[in-house]
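> Quick one, fold the following:
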Amino acid sequence: MTHFLRYAAATALATSAALAVSNASATTSPVEVVVSPQGTEAWLRRDSSLPIVSLAFRFTGGAALDAPGKEGLAQFMAALLDEGAGPYDAVAYRDRLDDRAIRLSFSAGRDSLFGTLHTLRENVEEAATLLGHALARPRFDDEPVARIRSQLEAVRAQNETRPGSVGRTRWFSLVFGDGPYGRPSSGTQASLAGINVEDLRAAASERLVRRRLVVGVAGDIDREMLARVLDLAFGDLPVGELPDEAPEIGSFAGQAVHVPMDIPQTELVFGLPGVARDDADFFPAFVLNSVLGGGTPGTRLEQEVRIKRGLAYSIYTYLADAERAPILIGATSTRDEGAGETVAVVRDVVRQTAAGGLTADELADAKLYITGSFPLALDSTSEIAGFLVAMQANDLGIDYLDRRNALVEAVTIEDVQRVAKRLLVEDAMVWVAVGRSNPFP
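Numbering: from 1, shown residues only. Alright, predicted model coming up:
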């Protein structure tokens, strides 16, 4: 994509984002802190444009807390929280949610258990009560435990046939070995079979505690109602303790591993150490990644791999939100006979970017795109509630929504050059290729 087209795309995003902000300004409010009578804190952004309330929450400690031999426990537990709770079995619980148009979901990542609730204002206290049952009184009845175990085992088996999943799993194992990040968060056949109800109950009682909790709320709700909702949802949880989360030490020494699989295309996964969210170099790294392969239209990797050579339909990189060991990871899929050339092109782009940084036009385009697209990521109460959770989890400050774009604009070309030299060490790149042929010399 030419500079003009990149600029036009970014300008269109910025214009539509400005209109979205303007249209919402009359009905939304600054972020407020609300503390319930029992001491649960939430960040709230009110929006009275629709009678809808969205609540998001996060408990620190996810699949990385699963003990060796119990991999998959966090995901197993999260999948069961809405499968019967308190006085309601799985069917009755789901019926109450459906009858009141309540959307409730739980998921477990490597570093956290995350949940969302979305409902009409008139049903928010009933929704919070049901959420409170799920968190404080999950049932773990025999039928849903057996059913969810079967589903998780089916997904795990299916993932073993998917080159992308195989590549990512092997990459994390290669970098982090037997550490928490190196073990499969979705479990193994043996670990899923070995998880019992006592394991699930112990995990819930230890991990679903208020000391590990952050909450974000957006929508048509006032402070008084939210205070009641917080205690209905979280008031019965124990205070608990923070998890012991030692940093993960990754091995980035230029490893390159081929995983044989009889498929027509080769999946490539590659990565390097990244930067932590609280690192002073985070925003320069964010801008750098946007130009390298992470979002700005016509990234360098897209230009060289897809547009100029037609080696792949897509290629991307991103700064992984990993609390114990931040990483910069990327992936692409290419025809088997083009895999070696693709590896060489990616290495060359990384090497050249490390040596020369960005051009002034690339920096300007990236800033325009990043700042212009930001409001579009916050165009619903669900997205805003989730972002408020992320702001708290990363200690970004309650005024971050107002400061964020200025932090992007403050990045200089010298900042990006410094960070490019720091991060883009081509000889340290770790590679995994899944396919018929070994593309590594």
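
> pLDDT-wise, which helix or strand of the chain ranks last?
Counting by mean pLDDT, DSSP states H and E, the chain has its least confident helix or strand at helix 3-24, which shows a mean of 37.

> continuing past it, what's the next helix or strand?
The element immediately downstream of helix 3-24 (helix or strand, assigned by DSSP states H and E) is strand 32-35.

> That following strand - what's its average pLDDT?
Strand 32-35 shows a mean pLDDT of 98.

> quick one: contacts of the next helix or strand after that strand?
On the C-terminal side of strand 32-35, the nearest following helix or strand under DSSP H and E is strand 41-46. Here strand 41-46 makes contact (Cβ atoms under 8 Å, 6 or more residues apart in numbering) with 28-36, 55, 214-223, 226, 230, 384, 388, 391-392, 398. (Each C-beta comes from the backbone N, C-alpha and C, glycine too.)

> What residues sit buried inside strand 41-46?
Of the residues in strand 41-46, 42-46 count as buried by neighbour count, 16 or more other Cβ atoms under 10 Å.

> With respect to residue 80, which of those is nearest?
Nearest to residue 80 among the buried residues of strand 41-46 is residue 42, at 25.0 Å by Cβ to Cβ.

> And the closest one, how far from residue 75?
Note on residue 42: its distance to residue 75, by Cβ to Cβ, to the nearest Å, is 26 Å.

> can you give me phi and psi for the residue nearest to the spatial centre of the chain?
Centroid check for the chain by Cα atoms, centre = their mean gives residue 321 as the closest residue, at 6.3 Å. In terms of degrees, to the nearest 10, the main-chain angles of residue 321 are phi -80, psi 70.

> And it, how close does it get to residue 211?
Residue 321 sits 21 Å away from residue 211, going by Cβ to Cβ.

> Likewise for residue 362?
Residue 362 is 44 Å from residue 211, where distance means Cβ to Cβ.

> Between the two, which has more neighbouring residues?
Taking other Cβ atoms under 10 Å, residue 362 and residue 211 do not tie; residue 362 has more neighbours (24 against 13).

> for the more buried one, what are its contacts?
By Cβ under 8 Å, 6+ apart, the residues touching residue 362 are 291, 296.

> can we see that at 7 Å?
Listed by Cβ atoms under 7 Å, 6 or more residues apart in numbering, the contact set of residue 362 reads residue 291.

> hang on, it in a helix?
Yes - membership of residue 362 in a helix is supported by DSSP: H, G, I helix; E, B strand; the rest coil.

> Quick check: pLDDT value at it.
Looking at residue 362, its pLDDT reads 94.

> Could you do residue 67 as well?
At residue 67, the predicted lDDT confidence score is 95.

> and it, how many neighbours does it have?
The burial count for residue 67: 12, using other Cβ under 10 Å.

> Find the nearest non-adjacent residue to it, please.
residue 73 (7.6 Å; Cβ to Cβ, 6 or more residues apart in numbering).

> Pretty sure residue 203 is one of the things that neighbour touches, is it not?
Yes - with contact defined as Cβ atoms under 7 Å, residue 73 counts as touching residue 203 (5.5 Å).

> okay, now the domains of this protein?
Split into domains by automatic domain parsing, the chain comes to 24-234, 252-435.

> Please tabulate these in CSV, including the columns distance to residue 245.
Output for those, formatted as CSV (distance: least, Cβ to Cβ, whole Å):
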stretch, distance to residue 245
domain 24-234, 7
domain 252-435, 6
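
> Which stretches in the stretch 51-200 of the chain count as helices?
Here the stretch 51-200 of the chain has its helices, by DSSP state H, counting those that start in this stretch, at 73-80, 90-99, 124-136, 142-159, 163-176, 189-194, 197-207.

> Identify, out of those, the most deeply packed stretch.
helix 73-80 (a mean of 25; mean count of other Cβ atoms under 10 Å).

> For that one, list the C-alpha coordinates in PDB.
Taking Å, rounded to 0.1, in the frame of the first residue of the first chain, the C-alpha atoms of helix 73-80 are listed here in PDB:
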ATOM      1  CA  LEU A  73      -7.500 -27.100  35.200                       C
ATOM      2  CA  ALA A  74      -8.100 -23.300  34.800                       C
ATOM      3  CA  GLN A  75     -10.000 -23.700  31.500                       C
ATOM      4  CA  PHE A  76     -11.900 -26.700  32.900                       C
ATOM      5  CA  MET A  77     -13.100 -24.700  35.900                       C
ATOM      6  CA  ALA A  78     -13.900 -21.600  33.900                       C
ATOM      7  CA  ALA A  79     -16.100 -23.700  31.500                       C
ATOM      8  CA  LEU A  80     -18.100 -25.100  34.400                       C
END
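
> what is the rounded mean pLDDT of that helix?
Here the average pLDDT along helix 73-80 is 98.

> Now do the contacts for the residue nearest to residue 67.
By Cβ under 7 Å, 6+ apart, the contact list for residue 73 reads 66, 195, 199, 203.
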